[in-house]
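**Student:** Could you work out the structure for the sequence below:
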Amino acid sequence: MDLLSSVGVLLLTMDPLGNVPNFVAVLHQVPAERRTSVVIRELFIALGLMLAFLFVGARLMSLLGIRSEAITIAGGILLFLIAIEMIFPSQNRRTAEVTGGDPFIVPLATPLVAGPSTLATLILLSNKDGGALGALPALLVAWVVTFICLVSAPRLARILRERGARAVERLMGMLLVMLAVQMFLNGLREYLGS
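**Tutor:** Sure thing, here's the model as predicted:
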């Protein structure tokens, strides 16, 4: 995968525009003057998690005896499930009520930004030609775009409104379905070819 396609895949799984309403809803109880600092903290925690999976995830999978083909197929299935959830959201989907103060790690850092599909994608990218160091620029670019979107979440929420955010998320979900099917087919082809 080249840099642009890797960034695209990561942006689809991180879903910054689709997460705007989720971030606004979760941060509703946080005092307005602290919201930006909470978002920044959570995004750096998510980055730390993603870096850990990028550099250690493949070794962990190898230690557990999980082959790269299985990771590709599982990643495709996981992305497909996430995409279906994006296209046909349920009422209580991914938004968690936070009571008694700031959200910490859950649900903002993970699963909203560094969710299972993003972590699986990072493991897949670390198994490609350039390895973890080759995928690092894609992760950083996707994270910066996500950072800008989510720090600007209140403004974006006013611009997109609920219908616009839903439309963007469903469009991203459709793209993610195609990507998930391709990942599954790639994993299957690798498995059958070995």
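**Student:** now whatever helix or strand Gly164 lives in: how far from the chain's centre is it?
**Tutor:** Assigned by DSSP states H and E, Gly164 belongs to helix 153-193. Relative to its parent chain, helix 153-193 has a centroid offset of 10 Å by CA atoms, centre = their mean, to the nearest Å.
**Student:** Need phi/psi at the spatially most central residue of the chain.
**Tutor:** Nearest residue to the geometric centre of the chain (CA atoms, centre = their mean): Met14, 2.5 Å. Dihedral pair for Met14: phi -70, psi -30, per degrees, to the nearest 10.
**Student:** check contacts around it.
**Tutor:** Val113, Ala114, Gly115, Thr118, Ala142, Trp143, Thr146 (CB atoms under 8 Å, 6 or more residues apart in numbering). In this view, the C-beta of every residue, glycine as well, is placed from N, C-alpha and C.
**Student:** switch the cut-off to 6 Å
**Tutor:** Val113, Thr118, Thr146 (CB atoms under 6 Å, 6 or more residues apart in numbering).
**Student:** Helices - which of those residues land there?
**Tutor:** Of these, the ones assigned to helices by DSSP state H are Thr118, Thr146.
**Student:** out of the contacts of Met14, who has the most neighbours?
**Tutor:** Counting neighbours by other CB atoms under 10 Å, Thr118 comes out on top of those with 29 neighbours.
**Student:** Name the residues of the lowest-mean-pLDDT helix or strand in the chain that are buried.
**Tutor:** Every helix and strand of the chain was ranked by mean pLDDT, DSSP states H and E. The lowest is helix 68-87, at a mean of 82. Across helix 68-87, burial judged by 16 or more other CB atoms under 10 Å covers 68-69, 71-80, 82-83, 85-86.
**Student:** repeat for stretch 164-179
**Tutor:** Quick answer for stretch 164-179 (16+ other CB under 10 Å): Ala165, Val168, Glu169, Met172, Gly173, Leu176, Val177, Leu179.
**Student:** how about those residues in JSON lines, adding pLDDT?
**Tutor:** Listed next are the buried residues of stretch 164-179 as JSON lines, based on pLDDT from 0 to 100:
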{"residue": "Ala165", "pLDDT": "77"}
{"residue": "Val168", "pLDDT": "80"}
{"residue": "Glu169", "pLDDT": "78"}
{"residue": "Met172", "pLDDT": "80"}
{"residue": "Gly173", "pLDDT": "81"}
{"residue": "Leu176", "pLDDT": "80"}
{"residue": "Val177", "pLDDT": "88"}
{"residue": "Leu179", "pLDDT": "82"}
